[in-house]
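J.: Build me a structure from this.
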Amino acid sequence: MGRPVDIDPEASGAARFAYELRRHRRRAGLTQEQLGRRIGFSESLIGMVETQRRVPTEDFARRCDKALGLDGMLDRLHQDTWPPLPPVPEHFRDWAAEERRATALRLWDPLLIPGLFQTEAYARTLFDEEPGITGEQIDQRLQGRMRRKNTLTRDDAPMIWSLIDEGVLHRPIGTRMIMREQLEHLLDISRRPRVAIQMVPYGARASAGLLGAFGIAEMRGSAYTVYVETQPRGRTVDERVMIAELLTRYDAIRSEANSTFLSQKMIEEAVRRWT
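T.: Numbering: from 1, shown residues only. Next up is the predicted model:
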């Protein structure tokens, strides 16, 4: 075991949660493994929460409170630090939490406008076309996707580097009006100071990126988790080898992308095409 990581509880709400969890676990004379057995979570997860590499769930906080006899202290800290997540599918909850926690996000999207940048009409069209989905599920998922966009307007919004394949600008999702509105919105977002959108042109040598979309979350310059789109549902992964591989892939795709200025021109031209 390495030397315990020092935690400044005044640095943030997440730091306070990690500090209090570790302090009370040690006071109870429990190792991470022993606490994990009591609450039904892995030792590694407890270690990641205590080093602020994973956002704890409400259930995790409540189980720790019960196991450590804390009378709801961690649950209250959790609610103050991480307000309830938007209503997103279960497989996406971990990544939705990381979107709010990360100081930077790197996104690659070869097929669709990134979820954080989607208009309501564009997103609804996508959900409508999913086999077997009900009207209630559509409304719930639409609400979740629109609430995720708060990430862009927070005072502490992350820096977002977004790579988008040129084909996304020309792939019809819904009516011409929906596409025009979506691309106008994308253009507006591209002008925000904490968002950099780069289009990857048709002629780019970015075939490795065609295997699927992915996102990389960073905390103070260090990548710590990724989200990978797969069928039928994506997954959030914190394996160091996969993170390193996707960082390399992202840099390779980005090396073929247009500048932010030329990318805005491409989006402008696409807006005129859909008008």
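J.: hang on, R106 in a strand?
T.: Yes: assigned with DSSP: H, G, I helix; E, B strand; the rest coil, R106 falls within a strand.
J.: Which residues are in contact with P172?
T.: Residues near P172 by CB atoms under 8 Å, 6 or more residues apart in numbering: M179. From N, CA and C alone the C-beta is placed, and that goes for glycine too.
J.: any idea how far it lies from A270?
T.: Using CB to CB, to the nearest Å, we find P172 at a distance of 12 Å from A270.
J.: What of E245?
T.: Where A270 is concerned, E245 sits at a distance of 31 Å (CB to CB).
J.: Neighbours of R124, how many?
T.: 19 (other CB atoms under 10 Å).
J.: and the residue nearest to it when sequence neighbours are not counted, what element?
T.: Nearest non-adjacent residue to R124, counting by CB to CB, 6 or more residues apart in numbering: L142, 5.6 Å away. Assigned by DSSP states H and E, L142 belongs to helix 135-148.
J.: which of the residues in that helix are buried?
T.: If you call a residue buried by 16 or more other CB atoms under 10 Å, then helix 135-148 has these buried ones: 138, 140-142, 144-145, 148.
J.: E245 and A270: who's more crowded?
T.: Neighbours per residue, other CB under 10 Å: of E245 and A270, the larger number sits with A270, 22 against 12.
J.: any idea which helix or strand carries the more buried one?
T.: Counting by DSSP H and E, A270 is found in helix 260-274.
J.: That helix - what's its average pLDDT?
T.: The pLDDT scores in helix 260-274 average 98.
J.: Return the list of helices and strands in contact with that helix.
T.: With contacts taken as 3 or more CB pairs under 8 Å, 6 or more residues apart in numbering; DSSP states H and E, helix 260-274 sits against helix 167-170, helix 176-190, strand 195-200.
J.: Tell me which of the ones you listed sits most buried.
T.: strand 195-200 (a mean of 22; mean count of other CB atoms under 10 Å).
J.: What strands flank the helix or strand just after it, and is each parallel or antiparallel?
T.: Using DSSP H and E, the helix or strand that follows strand 195-200 in sequence is strand 214-219. Sheet pairing of strand 214-219 (DSSP bridges) gives strand 104-109 (antiparallel), strand 222-228 (antiparallel).
J.: hey, least reliable of those strands by pLDDT?
T.: Among those, strand 222-228 scores lowest, with a mean of 94.
J.: tell me which residues of whichever helix or strand comes after that one are tucked away?
T.: Counting by DSSP H and E, the next helix or strand C-terminal to strand 222-228 is strand 235-237. For strand 235-237, burial by neighbour count (16+ other CB under 10 Å) applies to 236-237.
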